[in-house]
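Student: could you work out the structure for the sequence below:
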Amino acid sequence: MGSAALAAPVGALKQFKVPTANSDPRAITNGSDGNRWFTEGTDSSLAPAKIGRVTPAGAITEFDADCNFCILTDIDQGPEGILYMTSNNPILVRFDVDTQTLLPPIDIPDTGSAQEIDVNGDDIWFIADSNSLVRYTITAGQFTEFPLAFDKSPADVVIDDEGDPWFTAPLDGTVNRFDPETGTVVESFPVPDGLSPRSITIATDGQLWFTSRFVPQGVGRLDPTSGVVTSFLTPSNPGPEGVAASPDGSIWFTQTTKGNIARIDNSGVITEAKAVKGSEPFGITVAPNGDPWFTMMSANKIATLQLR
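Tutor: Sure, this is the predicted structure:
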């Protein structure tokens, strides 16, 4: 454990204005068409829920979500060119990237609204308001709910190569591996330094990385083979939030308070991008060429850091 070391800023920051005013762009993901796709709209700004597409050149197109005044929370690419989105309504919103059309939503039974989502092959996993992990099997059209203990209230979920979900539990400060065969938490790893893990991703080497926005703030790494958790405290409380893995093995995360994004390597060295005051970076993804793309909620923009 220890504090992260800061390196010199890197890359050329490019920003692109979202056409709808006060759209509050939030989550972002890579699309099968080579573009980035993101969600818009919150109750605070009264902006309508929309699905946004940004090309590598920065051209933005918006599509109405038409989800009965919903607030889109997360987005991920599924098979056959279908984007899946969660919202504050008990539905999975679907959008066909190839035809650029909204598909009928899928009603979520019993578990309430959905939050963070991760798609792995034929399975969609998401966090439900019922304090559960939920799996939706696309081909079977079937939901399976896995209730969790209160202290394991999940914040984010990611699926490993074996198909097992890993989730963060801020209340007890742990990262957990869940076995869908037994329906139980089979491993629980406490996070040192008092960090409360929230967003989570898996690096190319199989290690899990997470952010902690509560004070103390920082970024952590879990080696699933050894079970060792290493924390890196971030100086000056920059607000670590979204996190995404890069093809080169590094990890990028947003710093909502500081107004920028940063890269961290296995030794804990953090390299930051240029900060934009009041921009509130939130969601982040990394394109196949290694350039990170992220949402700026308060600035109403999509941004990218061009590394080459």
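Student: and residue 102, that one's in a strand?
Tutor: Yes: applying DSSP: H, G, I helix; E, B strand; the rest coil, one finds residue 102 inside a strand.
Student: wait, residue 296 touches residue 278, no?
Tutor: No: applying CB atoms under 8 Å as the test, residue 296 and residue 278 come out as separate, 9.2 Å apart. In this view, the C-beta of every residue, glycine as well, is placed from N, C-alpha and C.
Student: same drill for those two, tell me which one is more crowded.
Tutor: residue 296 (26 against 8; other CB atoms under 10 Å).
Student: in the sheet, who's paired with that one?
Tutor: residue 281, residue 301 (DSSP bridges).
Student: what pLDDT is listed against it?
Tutor: For residue 296, the pLDDT comes out at 97.
Student: in stretch 301-308, which residues are buried?
Tutor: 301-305 (16 or more other CB atoms under 10 Å).
Student: got these as TSV, with distance to residue 36 and pLDDT columns?
Tutor: Output for the buried residues of stretch 301-308, formatted as TSV (distance: CB to CB, whole Å; pLDDT from 0 to 100):
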residue	distance to residue 36	pLDDT
301	13	98
302	7	98
303	11	98
304	8	97
305	13	95
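Student: between those, which sits nearest residue 114?
Tutor: Nearest to residue 114, judged by CB to CB, of the buried residues of stretch 301-308 is residue 302 at 23.5 Å.
Student: ok, that closest one to residue 130 distance?
Tutor: 32 Å (CB to CB, to the nearest Å).
Student: and for the closest residue to residue 237 other than its chain neighbours, the neighbour number?
Tutor: Spatially, and ignoring its direct neighbours in sequence, residue 237 is nearest to residue 217 (4.9 Å; CB to CB, 6 or more residues apart in numbering). Counted with other CB under 10 Å, residues neighbouring residue 217 total 22.
Student: got a list of what residue 217 touches?
Tutor: 195, 233-234, 237-240 (CB atoms under 8 Å, 6 or more residues apart in numbering).
Student: endpoints of stretch 202-220, how far apart?
Tutor: End-to-end distance for stretch 202-220, by CA to CA, to the nearest Å: 12 Å.
Student: how much space between the residue nearest to residue 237 and residue 116?
Tutor: Going from residue 217 to residue 116 by CB to CB gives 19 Å.
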